[in-house]
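Novice: How does the following fold in three dimensions:
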Amino acid sequence: MTPIIELTPEQDAVLQAQATATGIDAAEYVQDLIHAALPLPANPVLPLARLTALASESVLSQIWDTPEEDAAWAHL
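Specialist: A predicted model of the protein is given here:
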């Protein structure tokens, strides 16, 4: 997707100055700003890890949610 953002000349000047200060071009700087603002994970592996954890939760609870397991961990 290629969004189009209309900025005032003042906003453009601020954006250009901030991009220059970070050492990247303005387009990359805007992409970084958008990525930081969106609630999307930066690491695509993270959702897979969460899905794996959720998928294994019911099986692991059968193993770990037992009186014997509770007794084994009671001293901690």
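Novice: Would you mind measuring from residue 13 to residue 7?
Specialist: 9 Å (CB to CB, to the nearest Å). Every C-beta, even on glycine, is put in place using the N, C-alpha and C of the backbone.
Novice: Correction: the previous question concerned residue 20.
Specialist: With CB to CB as the criterion, residue 20 and residue 7 are 16 Å apart.
Novice: Now residue 73. Its backbone dihedrals?
Specialist: For residue 73, the backbone dihedrals (degrees, to the nearest 10) come out as phi -100, psi 0.
Novice: Where does pLDDT dip in this structure?
Specialist: Scanning the chain for pLDDT under 70 picks out 40-47.
Novice: Domain-wise, how is it divided?
Specialist: 8-40, 42-76 (automatic domain parsing).
Novice: Which of the ones you listed has the highest mean neighbour count?
Specialist: Counting by mean count of other CB atoms under 10 Å, domain 8-40 has the highest mean neighbour count of the domains of the chain, with a mean of 12.
Novice: Please compute how far that domain lies from its chain's middle.
Specialist: 19 Å (CA atoms, centre = their mean, to the nearest Å).
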